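**Student:** what follows is a predicted protein model with its sequence.
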Amino acid sequence: INVLLLLGIAAVIRPIKVQKDTVSKELPLLLLISTALIILLLDVNLAEAVINTFSRADAIICLLFFCIFLHYLFSLARKNKKEAKKVEKPKYKIGKSFLFVILGLAGVVGGSQLVVNSASTIAEAVGISERIISLTIIALGTSLPELVTTVMAAKKGESDLLVGNIVGSNIFNICIVLALPVIFAGGITPNNFEVIDLTMLVISSILLCFLARRDHKITRTDGFLILSIFLLYYGFIIYGAFA
């Protein structure tokens, strides 16, 4: 959803410029982490195990990847600080900005929670599987904050904020949102997820790398292409749920 839906919508609103560092460092890291997640989850296919398990050891590996990502971010911050140029006067003072950020986050998180809880209740009432619920309603609901940020960034032409939001969100979801609960609560066995679901995760990352590397720009045509792939994949999921 972050790559195929949100990035597609943003590119349709306005073509997205992608920085050189993003193409050469951040996107390959996202692809590496996404591929690592698939390898860690496919125990039955790759290690001839009885069941697929995401264990504490797997979670620790993801956490180590996040440490690499953090190291890169701190290095980038130091580099940008040295190369900092004069910028225009900010619209708000620092205290007011922090307050607005907190209030904004509370609003989008609270709204997402209401959407997820309500939609999940409806879906369970009509007998849809947990896999379908999580891939559609839960994923869409929890991506509402990213959707709001993406649309606003696209309208204002803030390409760096837009791409950074999508890349950072995907990496954070894999390395922290998935890994930390497993480290504290123990392994999980996501047997209901199919290979196509995990494959699409990597395909979307590869597609993003390819489009961004070409001229360092994601055009409106690219946006419609990405959205088409999203609709095909989710159409397949929904058809499979009711077939």
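**Tutor:** Nice, thanks for sending it over. Numbers count the residues shown, from 1 in each chain.
**Student:** where along the protein do the strands fall?
**Tutor:** 16-17, 217-218 (DSSP state E).
**Student:** for residue 165, find the nearest of those strands.
**Tutor:** strand 16-17 (11.5 Å; CB to CB). To be clear about C-beta, it is placed using only N, CA and C from the backbone, and glycine gets the same treatment.
**Student:** relative to residue 32, which of the strands of the chain is closest?
**Tutor:** strand 217-218 (20.5 Å).
**Student:** next, name the residue at the spatial heart of the chain.
**Tutor:** residue 170 (2.9 Å; CA atoms, centre = their mean).
**Student:** so for residue 160, which of the strands of the chain sits nearest?
**Tutor:** Judging those by CB to CB, what sits closest to residue 160 is strand 16-17, at 8.3 Å.
**Student:** ok, that closest one: who's next to it in the sheet?
**Tutor:** Take DSSP bridges as the rule and strand 16-17 pairs in its sheet with strand 217-218 (antiparallel).
**Student:** what are the ranges of the helices in this protein?
**Tutor:** Using DSSP state H, the helices of the chain run over 8-13, 20-21, 27-41, 43-47, 56-82, 94-125, 130-133, 139-142, 144-155, 159-172, 179-185, 195-213, 220-242.
**Student:** output those helices as CSV; include the columns mean pLDDT.
**Tutor:** Putting the helices of the chain into CSV (pLDDT from 0 to 100) gives the following:
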stretch, mean pLDDT
helix 8-13, 91
helix 20-21, 82
helix 27-41, 91
helix 43-47, 75
helix 56-82, 88
helix 94-125, 80
helix 130-133, 76
helix 139-142, 78
helix 144-155, 83
helix 159-172, 88
helix 179-185, 92
helix 195-213, 88
helix 220-242, 88
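**Student:** closest one to residue 2 among these?
**Tutor:** helix 159-172 (5.0 Å).
**Student:** buried stuff in the closest one?
**Tutor:** Across helix 159-172, burial judged by 16 or more other CB atoms under 10 Å covers 159, 162, 163, 164, 165, 166, 167, 168, 169, 170, 171.
**Student:** and which of the residues you listed is nearest to residue 28?
**Tutor:** Looking across the buried residues of helix 159-172 and measuring by CB to CB, the closest to residue 28 is residue 167, at 10.6 Å.
**Student:** thinking again about what came up before, kindly reformat the strands of the chain as TSV containing mean pLDDT, distance to residue 32 and mean neighbour count.
**Tutor:** Shown next, in TSV, are those (pLDDT from 0 to 100; distance: least, CB to CB, whole Å; neighbours: other CB atoms under 10 Å):
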stretch	mean pLDDT	distance to residue 32	mean neighbour count
strand 16-17	89	22	21
strand 217-218	90	21	20
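**Student:** these: which one's closest to residue 147?
**Tutor:** Of these, nearest to residue 147 by CB to CB is strand 16-17, at 15.3 Å.
**Student:** quick one: contacts of the closest one?
**Tutor:** If you take CB atoms under 8 Å, 6 or more residues apart in numbering as the criterion, strand 16-17 is touched by 7, 10, 154, 159, 162, 163, 216, 217, 218.
**Student:** pull the most distant pair out of the residues you listed.
**Tutor:** 154 and 216 (16.8 Å).
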